[in-house]
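Engineer: Pasting a predicted model and its sequence here:
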Amino acid sequence: MQYNWKGCVPTVWDTVFPYLLSGISVGGQYALIAIGYTMVYGILRLINFAHGDVFMVAGIVMVYIAASGLPLWLCIPLVLLITVGIGFLIERVAYKPLRSAPRMSVMISAIGVSYTLQNLVLYITGGLNKQYPTIPWISETVVIGPAKTKLVTVVTPFLVILLVFALVTLINKTKIGMAMRAVSKDFETSQLMGIKINNVISATFIIGSFLAGVGSVLYFTNYPTVIQTSGAMPGLKAFVAAVFGGIGSIPGAVIGAFIIGVMENIIKGLDVILFKAGITSGPLGLATFSDAFTFALLIIILVVKPTGLFGEKVTDKV
Amino acid sequence: MKTTKSKAPMIVTIVVIAAIYAAVFIAEQILPPTSMLFTVLKKGATYALVAVSMNLLNGFTGIFSLGQAGFMLIGAYVYGIFTIPLEARPQVYQYFDGGLVQFTVPLVIAMIFSGLAAAFFAFLIGLPVLRLKSDYLAIATLGFAEIIRAIFQWNGLGPVTNGSNMLRSFPTFNDFNITDGQGNVTVYLSTLVPFIMSGVCILLIVLLIHSSYGRALKAIRDDEVAAEAMGINLAHHKRLAFCVSSFFAGVGGAMLAMYQTTVQAKSFTSAMTYEILLIVVIGGIGSVTGSVLSSFLFVACSEWWLRFLDEKQMIGDFEVPLLRNGFRLVVFSLIIMIVVLFFRRGIMGDRELWDLKFSGKERKRRAKE
C-alpha cells in the first residue's frame, strides 16, 4: 500500500489537489491578460485580437534580453517597458486611424496586427522554440501538501490580487481612472466634456500591456518555451474569461479567469482523477477537451447570460 | 433590375471566364506539371471557394463569423472518411483496427456529404449562436471551430476520425489526370477539375446572392431593424446564409484535403480562418470577384512571388540585408496591414466583374478565376 504525504492512505483529494493548484496559478496568469481585453473592450468596444500576441512578444523579448547578458533584475523592468511600448504603438498605428470606421474594420485590423506580430516573431526566431530564461526564486521548487510545484504557482494568485487592487484603486481614485470610467460609459459625451480621449485610450493599452507583460513572466516560468503561436491560446482563453466574468468588469475578468484556469486543469487531469476514484477503469482521453471546454463554456454563457457574471446590461438603441 | 441593364457586361464576363478556363487547360498540357503555377492555381481555386463562402456571411449578410476553419475541417474529414479506398484502410487506421466505416462512396457524392455535414453542424451551432451580435458572434464561432478541432482529435472517436493521426490515401487532385495503361499521363486535368469544382460552387453562391434571398440578406446587412420591419424573417435568413456558407466551406475543406493529400485536425487552426478573412478583406468585403482575385493573389504571393525574400540575394557583390527565412511573411503581413488601414475597400470594393466598365484597359484585368 502506498502512503501519501501525511502517511495516510491517499485520497482522491491528493490526486485533485495538484491540478487545482496549477489551475489557480494558470488562472491568475489568464487574469492578467484578461484585464487587458476587458479594459480595451470597455472603452473601444473592440476585441483586441493582438493582445495574446503582445503577451507572446513579451516572452520573446525576455528571451533575447536575457541572452544579451543583462542582469536579471534589470531584464524584467526592461521587458515590461518594451511590452508597454509595443502595446502603445499598436494602438497608435493600427487602431487610431480607424476610430471612425465601422467596428468590423477595427477588428480586422486587430487580426492583421496579430498576424503581423506572429510573422515578425517567426522571422526573428526562425520558427524555433525558444527556451525561457530561468528566473531565480520563483522557479524554486516547493512542496505544498501532496503537490510539488514551482514557487511561481504560489506567488501568482497573491501578485494578481495585489495588482488588481492597485488597478481598481487607480480607476476609482485618480483623475485618469475617472476619465476611463467616463469614456467607457459614453465615448462621445466624455469627449465633449474635454477628456483627451486619445490619452485615455493610450493609458488603457499601456496598463493592459503592462499586465500582459507581468503575466508572461509568470506564465513562461511555468511553461518555459516560447514560439510565435504561444500567445494565441492563452489570449483566446483570457478573452473567454473576460466574457465569462462580464466584459468591461475587472473583478469579473479576474474571477472568470480563475474559474477557467481551474476547470481547464481539472479536465486535464480528469482521466487520472476518475481512475483513482475508481469510477473508470481506463483512460478516456478527456484531456483533449481541456481547450474545447473553455469555448463550450463561452457559448453557454453567451446564450444563457450574454452580459456575463458581473456585466452591466447594455441595450442597443435603434 | 436585369431588364434595365444591358446584356453586354454579362456576355463579356462569360467570355472572360471561358477564356481563363481554356487557358488553364492549355497551360496544363504544355507546361511541366511540377511548375509552381499549378500549385498556386490549385490552392487558389480552393481558397477562392472558401473565401467566397466566407464573404457570403461577412460581406453579404453582415454576420461576422470566424468559424470557417471548423467547417472546412468537417468537410475535409468527411471527404477523407468516405473516400479512402478499402484496401488502404487497415494502413491508415492502423491504431483503430481498420476503422469503423467500411465502404466508400463516389468522389462527387463524398464532396456533397462534406458540404451537408458542415451545413448540419452549422445548423446546430447556429441555433444558439446566431442570436448573438457582431463581435460576440465572432468569438463564439471561433470557439466552436476550436471545439470541433478537439472533438475530431479525440481518441474516443478514433475508429471514425483516426484520432490525432492523419487521414491519407484518398483521391487527390492528381488522380483526375487521365492516364493510359502504363500509367503515363495523356491528358492533364489536375488543375482544371478543381477550377470546375470551385467554379460551379461559386456560380451557385452568385445565383443565391442575386435571388430574392440574396436581396433579403443584403437588406439584413444594411439595417437589421429596417429589414425586419419590411417583413424579412431575420432568424430564418441568417440561418439560411450560415448553413449555405458552411456547406460551401465544407466542400472547400474537401478540396483542401485533395490539395494537401493528407488531413490532420491540428492544422485547421484559427490562423487559417484569419488568413481567409484577410483574403476577403483584400478582395473587398461584399465582392465575389474580389474574393476570387485576392485568393489567387494571396496564394501566389505567399507561395511563389515573394519566395525570393526568403533566400539570400546578391546585387553584384552586395548582399541584400534582412533576407532570410520568414522575411517573406513579414513583408506580406505589412502589405496586408497597409491594405487594411489605408485601402479599406480592397481590390474591388463591392463591385463585381460584370459591374466594371469594359474599357480596353480593364478588359485585360485578370478576371474571375
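Structural biologist: Done, it's in. These numbers were taken from a predicted model, which means no experiment stands behind them. Residues are numbered from 1 along each chain as shown, chains lettered A, B, ... in the order given.
Engineer: May I have the residues that are in contact with the closest residue to A:Leu128 other than its chain neighbours?
Structural biologist: What sits nearest to A:Leu128 in space, not counting adjacent residues and going by CB to CB, 6 or more residues apart in numbering or on different chains, is A:Ile227, at 7.4 Å. C-beta here means a position set from N, CA and C on the backbone, and glycine is covered the same way. The contact partners of A:Ile227, by CB atoms under 8 Å, 6 or more residues apart in numbering or on different chains, come to A:Thr125, A:Gly127, A:Leu128, A:Asn129, A:Lys130.
Engineer: same check, this time on A:Thr189
Structural biologist: Per CB under 8 Å, 6+ apart, neighbours of A:Thr189: A:Ala182.
Engineer: Please identify the helix or strand for it.
Structural biologist: Using DSSP states H and E, A:Thr189 sits in helix A:187-192.
Engineer: B:Val50 too?
Structural biologist: Applying DSSP H and E as the criterion places B:Val50 in helix B:36-55.
Engineer: cool, A:Pro18 as well?
Structural biologist: Here A:Pro18 is assigned to helix A:12-44, by DSSP H and E.
Engineer: quick check: angle from the following helix or strand past that helix to helix A:12-44?
Structural biologist: Using DSSP H and E, the helix or strand that follows helix A:12-44 in sequence is helix A:51-67. Between helix A:51-67 and helix A:12-44, the angle comes out at 110 degrees (axes from the mean of the first three to the mean of the last three CA atoms, to 10 degrees).
Engineer: quick check, helix A:51-67 touching chain B?
Structural biologist: No - using CB under 8 Å from any CB of the partner chain, helix A:51-67 stays clear of chain B, coming no nearer than 10.6 Å.
Engineer: Tell me the buried residues in that helix?
Structural biologist: Buried residues in helix A:51-67, defined by neighbour count with 16 or more other CB atoms under 10 Å in any protein chain shown: A:51-63, A:65-66.
Engineer: before we move on, what about stretch B:11-28?
Structural biologist: So stretch B:11-28, judged by 16+ other CB under 10 Å, has buried residues B:Val12, B:Thr13, B:Val16, B:Ile17, B:Ile20, B:Val24, B:Ala27, B:Glu28.
Engineer: can you list the residues of the stretch 51-200 of chain B near chain A?
Structural biologist: B:58, B:64, B:125, B:128-129, B:131-136, B:138-140, B:142-144, B:146-147, B:149-151, B:153-156, B:164.
Engineer: ChimeraX command for the buried members of those residues?
Structural biologist: Buried residues within those, by 16+ other CB under 10 Å, are selected in ChimeraX with:
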select /B:58,64,125,129,131,132,134,135,136,138,139,140,142,143,144,146,147,149,150,151,153,154,155,164
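Engineer: The residues of the stretch 51-200 of chain B next to chain A in helices, which ones?
Structural biologist: B:125, B:128-129, B:134-136, B:138-140, B:142-144, B:146-147, B:149-151, B:153 (DSSP state H).
Engineer: Just the strands from chain A, written as ranges.
Structural biologist: A:130-131, A:141-144, A:147-150, A:225-226 (DSSP state E).
Engineer: Can you lay out those as JSON lines showing mean pLDDT?
Structural biologist: Below are the strands of chain A laid out as JSON lines (pLDDT from 0 to 100):
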{"stretch": "strand A:130-131", "mean pLDDT": "88"}
{"stretch": "strand A:141-144", "mean pLDDT": "81"}
{"stretch": "strand A:147-150", "mean pLDDT": "81"}
{"stretch": "strand A:225-226", "mean pLDDT": "90"}
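Engineer: okay, those strands in CSV with mean neighbour count and distance to chain B next?
Structural biologist: What follows is the strands of chain A, written out as CSV (neighbours: other CB atoms under 10 Å in any protein chain shown; distance: least, CB to the nearest CB, whole Å):
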stretch, mean neighbour count, distance to chain B
strand A:130-131, 18, 14
strand A:141-144, 11, 31
strand A:147-150, 16, 26
strand A:225-226, 20, 16
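Engineer: Which one of those strands lies nearest to A:Phe88?
Structural biologist: Among the strands of chain A, the nearest to A:Phe88 by CB to CB is strand A:225-226 (21.9 Å).
Engineer: tell me what that closest one is packed against?
Structural biologist: If you count contacts as 3 or more CB pairs under 8 Å, 6 or more residues apart in numbering or on different chains; DSSP states H and E, strand A:225-226 packs onto helix A:51-67, strand A:130-131.
Engineer: least reliable of those going by mean pLDDT?
Structural biologist: The weakest mean pLDDT among the helices and strands packed on strand A:225-226 belongs to strand A:130-131, with a mean of 88.
Engineer: Contacts for that strand next, please.
Structural biologist: By CB under 8 Å, 6+ apart, strand A:130-131 touches A:Gly59, A:Ile60, A:Val63, A:Pro224, A:Thr225, A:Val226, A:Ile227.
Engineer: and the most centrally placed residue in chain A, what is it in contact with?
Structural biologist: Centroid-nearest residue in chain A: A:Ile33, 2.5 Å away (criterion: CA atoms, centre = their mean). Listed by CB under 8 Å, 6+ apart, the contact set of A:Ile33 reads A:His51, A:Gly52, A:Phe55, A:Leu211, A:Ala212, A:Gly215, A:Pro234, A:Gly235, A:Ala238, A:Ala257.
Engineer: Give me the subset of the residues you listed that lies in helices.
Structural biologist: Per DSSP H, these map to helices at A:His51, A:Gly52, A:Phe55, A:Leu211, A:Ala212, A:Gly215, A:Pro234, A:Gly235, A:Ala238, A:Ala257.
Engineer: Now, of those residues, which are buried?
Structural biologist: Buried among those by 16+ other CB under 10 Å: A:His51, A:Gly52, A:Phe55, A:Leu211, A:Ala212, A:Gly215, A:Pro234, A:Gly235, A:Ala238, A:Ala257.
Engineer: wait, the fourth one sits on A:Leu32?
Structural biologist: Spelled out, it's A:Leu211. Yes - with contact defined as CB atoms under 8 Å, A:Leu211 reaches A:Leu32; the gap is 4.5 Å.
Engineer: if I look at the two, which residues touch both of them?
Structural biologist: A:Leu163.
Engineer: Find the nearest non-adjacent residue to residue 168, please.
Structural biologist: You didn't pick a chain, so chain A it is. In space, A:Val168 is closest to A:Ile250, 6.4 Å off (CB to CB, 6+ apart).
Engineer: oops, I was thinking of chain B
Structural biologist: Of all residues not flanking B:Arg168 in the chain, B:Thr262 sits nearest, at 4.5 Å (CB to CB, 6+ apart).
Engineer: Could you list the low-confidence segments of chain A?
Structural biologist: A:1-10, A:312-318 (pLDDT under 70).
Engineer: Single out the residue in it that lies closest to chain B.
Structural biologist: Closest to chain B within chain A is A:Phe295: 3.1 Å, counting by CB to the nearest CB.
Engineer: How much space separates that residue from A:Ala58?
Structural biologist: 25 Å (CB to CB, to the nearest Å).
Engineer: surely A:Phe187 meets A:Ile195?
Structural biologist: No - in this structure A:Phe187 lies outside contact range of A:Ile195 using CB under 8 Å: 9.7 Å.
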